[in-house]
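Asker: Need a 3D model of the sequence below.
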Amino acid sequence: MQISKLLALAIGLALPVVASAQPGVPPDRAYCAALSEKYVRYVGYGADTSRRYQRSAPLDGQVAITQCQRGETAAAIPVLERELTRAGIALPGRG
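Answerer: Below you'll find the predicted structure:
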């Protein structure tokens, strides 16, 4: 029973990543993914970054990355835009 739950959880977490790599991804999902990538590269880190490379970053940004992965773009995009702008990082094109 626990293996089934773990498998379901793993599939549930992997689906948003797979969906974002597919053509025809909704524009907000693609933009959120681009923001997340820039955030991880220049500002902070995501949940999958090795502890060795983690820099201190606002918790809001980390939560927003998770929201992007879940498809909760309306909540995540403004936070990532704000954090990138504060860091002086140019926002990616939207579209």
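Asker: what residues are up against the closest residue in space to residue 81 that isn't next to it in sequence?
Answerer: In space, and not counting its chain neighbours, residue 81 is closest to residue 91: 6.0 Å by C-beta to C-beta, 6 or more residues apart in numbering. Backbone N, C-alpha and C define where each C-beta goes, glycine included. Applying C-beta atoms under 8 Å, 6 or more residues apart in numbering to residue 91 gives the contacts 35, 38, 81, 84-85.
Asker: what's the distance between residue 91 and residue 31?
Answerer: In this view, residue 91 and residue 31 are 9 Å apart by C-beta to C-beta, to the nearest Å.
Asker: Likewise for residue 40?
Answerer: 15 Å.
Asker: Poorly predicted segments of this protein, please.
Answerer: 1-23, 45-57, 95 (pLDDT under 70).
Asker: could you pull out the helices for it?
Answerer: 2-20, 27-38, 59-70, 73-86 (DSSP state H).
Asker: Could you find the closest non-adjacent residue to residue 61?
Answerer: residue 83 (4.5 Å).
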